[in-house]
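Enquirer: let me see the structure of the following:
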Amino acid sequence: MNKIFFYLAFLFVGLFVATSVGCTSDPEEVCEQYEACENTATTCCTDETSCYYEYNGVEYPDTEKGLEDLLAAMCPQSSKAEIRSMRSELKSKTSKLINEARQAALCN
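Expert: Now for the predicted structure:
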């Protein structure tokens, strides 16, 4: 009977240690600066593929409309061709940032 209590106590202590030391489920956020038209915005992504952009205290969602609004705010004098090029570059950087956030969230 004493052995059963000993093993149960050992099991509970082991479970407690495993859950307190294990990986967290909170998403890791990774941010990076993006410069365009002599202005700087911040792009942030989590491992859950959720991203947003921030410029002058305003957050823009990671959508086509959000990118359009962000680039219009950052570069009001740019042509449509320049905006398309910047949008493509920013999408590529955002994709890389998502992968960095996923890697940061992995347990080692």
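Enquirer: assign a three-state SS to Gln77, would you?
Expert: coil (DSSP: H, G, I helix; E, B strand; the rest coil).
Enquirer: quick one: pLDDT of it?
Expert: Gln77 is assigned a predicted lDDT (pLDDT) of 92.
Enquirer: contact partners for it?
Expert: Counting by CB atoms under 8 Å, 6 or more residues apart in numbering, Gln77 touches Cys37. Where C-beta positions appear, they are placed from N, C-alpha and C, glycine not excepted.
Enquirer: that one and Tyr34, how far apart?
Expert: 18 Å (CB to CB, to the nearest Å).
Enquirer: next one: Lys96
Expert: If you measure Lys96 against Tyr34 using CB to CB, the figure is 12 Å.
Enquirer: out of those two, which sits in the more crowded spot?
Expert: Each of Lys96 and Tyr34 had its neighbours counted (other CB atoms under 10 Å), and the higher figure belongs to Tyr34 (19 against 14).
Enquirer: now the more buried one, nearest residue through space, not along the chain?
Expert: Distance criterion CB to CB, 6 or more residues apart in numbering; nearest residue to Tyr34, sequence neighbours excluded, is Ala41 at 4.9 Å.
Enquirer: so where does the one you found fall, helix or strand?
Expert: Secondary structure assignment for Ala41, by DSSP states H and E: strand 39-46.
Enquirer: helix or strand next in line after that strand, which one?
Expert: Counting by DSSP H and E, what follows strand 39-46 is strand 51-55.
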